[in-house]
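# just need the structure, nothing else, for what follows:
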Amino acid sequence: MRQKLRVPNAERIFHLGQAFAGGMSIEEAFELTKIDPWFLHNIRQIAIESIAPPADGAPVSRERMLRLKKLGFSDRQLAVAAHVPEEEIRRRRKEANVIPTYRLVDTCAAEFEAYTPTTTPPTAMKTSAGMAKNARS
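Residues are numbered from 1 along each chain as shown. Take a look at the predicted model:
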């Protein structure tokens, strides 16, 4: 495993996930990979969360659903982990009022008028009060 982490390649991120799930520290991963600890912390969060999937068909609390969605898990990934149809996860998510929000981004950074503004991916999820919370906070 240590050698797989030392050599940069397309599979290394998956090996990092396995290493974190096995208890490797961020400091040790940094020494092997030289990947910035900020990125390692985020990869570790996702890896740890993914090893505790919801039980077969068990309902997921609104708070956990919001956390999983903020970490980037798709409805399909959650459905596979819970052994339920994707539509069931989508239904539960909507019932919990966890819905994606999109934000307009000025592609010209306000330097001049943007004729092609774009929307960001769902980096925030609406709360039950209707206020968007940034997923990066």
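
# check the offset of the top helix by length along the chain from the chain's centre.
Longest helix of the chain, by residue count under DSSP state H: helix 37-50. Centroid separation for helix 37-50 versus its chain: 9 Å, with C-alpha atoms, centre = their mean, to the nearest Å.

# which strands and helices sit next to the next helix or strand after it?
Heading C-terminal from helix 37-50, the first helix or strand you meet, by DSSP states H and E, is helix 62-70. When contacts are defined as 3 or more C-beta pairs under 8 Å, 6 or more residues apart in numbering; DSSP states H and E, helix 62-70 packs onto helix 86-95, strand 124-126. Placement of C-beta: from N, CA and C, glycine included.

# following element in sequence after helix 62-70, please.
Following helix 62-70 toward the C-terminus (DSSP H and E): helix 75-82.

# returning to that earlier point: deepest in the core, which of the helices and strands packed on helix 62-70 is it.
Comparing those by mean neighbour count (mean count of other C-beta atoms under 10 Å), strand 124-126 comes out on top with a mean of 19.

# quick one: low-confidence parts of the protein?
51-59, 114, 116-137 (pLDDT under 70).

# switch the cut-off to 50
124, 127-137 (pLDDT under 50).

# residue with max distance from the center of it?
Relative to the centre of the chain, the most outlying C-alpha is that of residue 112, 33.3 Å out, by C-alpha atoms, centre = their mean.

# contacting residues for residue 15?
Counting by C-beta atoms under 8 Å, 6 or more residues apart in numbering, residue 15 touches 1, 4, 5.

# can we see that at 6 Å?
By C-beta atoms under 6 Å, 6 or more residues apart in numbering, the contact set of residue 15 is 4, 5.

# in which helix or strand does it reside?
Going by DSSP H and E, residue 15 is part of helix 12-21.
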